[in-house]
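Colleague: dropping the sequence and predicted coords here.
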Amino acid sequence: MNIGICTVHYAHNYGAMLQGYALKNVLEQMGHNVVMTDRRANTLTKWNPRPLSKSSLKEILLYPKYLYKWYLPKYLTLRKRENNFERYLNTYLNDRPYNQEYLDAIIYGSDQIWSKFEYGFDDIWWGIKDSNTDKRISYAASMGVLDIEKGDGEFVKKALERFSAVSVREKNFQGFLNSHHLFKNNVELMIDPTFLLRKEEWSKINSKRMVKEPYLLFYDFQKDEKTTQLAHYIAELKHLQIIRLSDGVEHVGKEGGYMVTAGPTEFISLFRYSDFVVTSSFHGTAFSMIFNKPFYVRQIWNTDRVKTLLDIMGLSGRFIDKIDDVDIDKPIEYNLVNIKIEQHRQKGLAFLKDNLLE
């Protein structure tokens, strides 16, 4: 079959690219011809510095210093970071503009394609616009924060009439869709596509080991001080240096072991070789599990998808709110977790196979 994947795989975001790669890879292993239907939005990939017109008088007077000591280092670092993401995109995803050619099926998801973002629901991600196919399937689609207002239910129900099968990533979202009968059939709960590939398959595309010494990998995109304190507390207990994986270029020039230019292959390497992980990221949590790492996750918002994943894997105790909850000597029983990962992997593969054959 000729299958399109409609997701935000092009965004310079680790999870977005990695989940897109995983879904594409498993579909190709099934023998399908797969295209990433690139509907690229510049706002998701471009960094625009504040224009001079919005600068203060002091900043204008000091503009040469601002240019050479702040703007230029950030610009050069950003270009290196962008090149790493674009190299991954071109090497592993081979996306191209979608030219309205007919496809046997389009799979929507995963990632937060059904979030309202800033501007409300987007017709593209709901299969209403620019999708020339008779078969639409959602795989582990996410809304992120469950955000349904009056009148949204009617929009969702009408959009889902175009789908032959629907699966989502959060329990709350699944419960809402099923309890309000917004889809003709039962909406299933599916694990993120990154789990569809085993750790051996992920290891094939990671870069070489980047840090020689033992380290705690700290990946916090919510920028929370208490999460930072948690990472430092565990690193001190475990006698590990901290490597901070940045999700942008705002840490250029700062001390503290920041990895600012890492692309998706470096992301995989950093998780694969880490000795402990502290994160506020869904995909940081996912890859900690995939590579069987001891970890803790702390989030202050958008918690449902992480809590759903932890609950599925029997690891709810790895979500903590404060340092007092840390039990550094309690290991994760990955022999049991790996069984659950494999069960959900097979469930995900079966969902794809069964609904593509119908």
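Modeller: Great, that's in hand. In this text the structure is predicted, and so the values were computed from the model without any measurement. Residues are numbered from 1 along each chain as shown.

Colleague: please make it C-alpha for all contacts and neighbour counts, starting now.
Modeller: Noted.

Colleague: quick check: phi and psi on Val306?
Modeller: Main-chain torsions, Val306, degrees, to the nearest 10: phi -70, psi -40.

Colleague: so what's it closest to, chain neighbours aside?
Modeller: Spatial nearest neighbour of Val306, excluding adjacent residues (CA to CA, 6 or more residues apart in numbering): Phe282 at 5.4 Å.

Colleague: please apply the same query to Ser167.
Modeller: Counting by CA to CA, 6+ apart, the residue nearest Ser167 is Glu188, at 4.5 Å.

Colleague: surely that neighbour and Val166 touch.
Modeller: Yes. At 6.6 Å, Glu188 counts as touching Val166 under the criterion of CA atoms under 8 Å.

Colleague: the more surrounded of those two?
Modeller: Using other CA atoms under 10 Å as the criterion, Glu188 and Val166 rank with Val166 on top: 26 against 21.

Colleague: what's around Phe287, how many residues?
Modeller: Neighbours of Phe287 (other CA under 10 Å): 22.

Colleague: I should have written Leu76 there, sorry.
Modeller: 12.

Colleague: could you number the chain from 773 rather than 1 from now on?
Modeller: Taking 773 as the first residue, the last one we looked at is Leu848.

Colleague: quick one: contacts for it?
Modeller: By CA atoms under 8 Å, 6 or more residues apart in numbering, the contact list for Leu848 is empty.

Colleague: do Ala913 as well
Modeller: Ala913 neighbours (CA under 8 Å, 6+ apart): 880-886, 939-941.

Colleague: now do 10 Å
Modeller: 779, 879-887, 897, 938-942, 945, 961-964 (CA atoms under 10 Å, 6 or more residues apart in numbering).

Colleague: where's it relative to Ala937, distance?
Modeller: 11 Å (CA to CA, to the nearest Å).

Colleague: overlap of the contact sets of the two?
Modeller: Contacts common to Ala913 and Ala937, judged by CA under 10 Å, 6+ apart, are Ile879.

Colleague: host element of Val938?
Modeller: Val938 is located in strand 937-940, with elements delineated by DSSP states H and E.

Colleague: now the helix or strand that that strand is followed by: mean pLDDT?
Modeller: Remark: after strand 937-940, the chain's next helix or strand is helix 943-951, criterion DSSP H and E. Averaging pLDDT along helix 943-951 gives 93.

Colleague: with stretch 993-1004 instead?
Modeller: 90.

Colleague: CA-only coordinates of the strand or helix carrying Arg859 in CSV, if you can.
Modeller: Element membership of Arg859, judged by DSSP H and E, is helix 844-860. Backbone C-alpha positions of helix 844-860 (Å, rounded to 0.1, in the frame of the first residue of the first chain) are rendered in CSV as follows:
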residue,chain,number,x,y,z
LEU,A,844,26.1,36.0,16.8
PRO,A,845,26.9,33.1,19.2
LYS,A,846,23.2,32.1,19.4
TYR,A,847,22.9,32.4,15.6
LEU,A,848,25.9,30.2,14.9
THR,A,849,24.8,27.7,17.6
LEU,A,850,21.3,27.6,16.2
ARG,A,851,22.6,26.9,12.7
LYS,A,852,24.6,23.9,14.0
ARG,A,853,21.6,22.7,15.9
GLU,A,854,19.3,23.1,12.8
ASN,A,855,21.8,21.3,10.6
ASN,A,856,21.8,18.3,13.0
PHE,A,857,18.0,18.2,12.9
GLU,A,858,17.8,18.7,9.1
ARG,A,859,20.4,16.0,8.5
TYR,A,860,18.3,13.5,10.5
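
Colleague: show me where pLDDT drops low in the stretch 1023-1130 of the chain?
Modeller: Applying pLDDT under 70 to the stretch 1023-1130 of the chain flags the ranges 1023-1028, 1130.
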